[in-house]
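Enquirer: Below are the sequence and a predicted model for it; my questions follow.
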Amino acid sequence: MRASWNAPCGCRGPRCLGAQALEIYLAEITVHTWDLATATGQRPVWDAEVVDIGLGAMQRDLPAEGRTASYEEAFQHMPAGTPTDPPFAEAVDLPDDASAIEQLVAWTGRRP
């Protein structure tokens, strides 16, 4: 799969939009795996490369600040009855020595 992420595709920039989507998907799966592991008292061993890719994707595509205001603005333009639960809370501050998985979940608004 990694080879296809980096394969030339004629897109602008170093990566294709498809590769960026896969990175976000990887981050989502990793974060929700953390959710489930935390809820069930498990402490999995995280693949460092997977977590690093996910963290990089979230930091690239999910703003560090102003999420709540952005969601509130977007919800005003949605049809009546659309659920208005924000998909991400504001990023959570962590100590400098936080692990990569803690950084990833904190970036999405969770409290590790």
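Expert: Great, that's in hand.

Enquirer: C-terminal to the helix or strand bottoming out on mean pLDDT in the chain, what's the next element?
Expert: The helix or strand of the chain with the lowest confidence, counting by mean pLDDT, DSSP states H and E, is helix 2-6 at a mean of 59. The first helix or strand that comes after helix 2-6 along the chain, using DSSP states H and E, is helix 17-39.

Enquirer: what's in contact with the next helix-or-strand element following that following helix?
Expert: Following helix 17-39 in sequence order, the next helix or strand is helix 48-61 (DSSP H and E). Here helix 48-61 makes contact (Cβ atoms under 8 Å, 6 or more residues apart in numbering) with 20, 23-24, 26-27, 30-31, 100-101, 103-104, 107-108. Bear in mind the C-beta positions are built from the backbone N, C-alpha and C, glycine included.

Enquirer: if we go to 6 Å?
Expert: The contact list for helix 48-61, computed with Cβ atoms under 6 Å, 6 or more residues apart in numbering, reads 23-24, 26-27, 30, 100-101, 103-104, 107.
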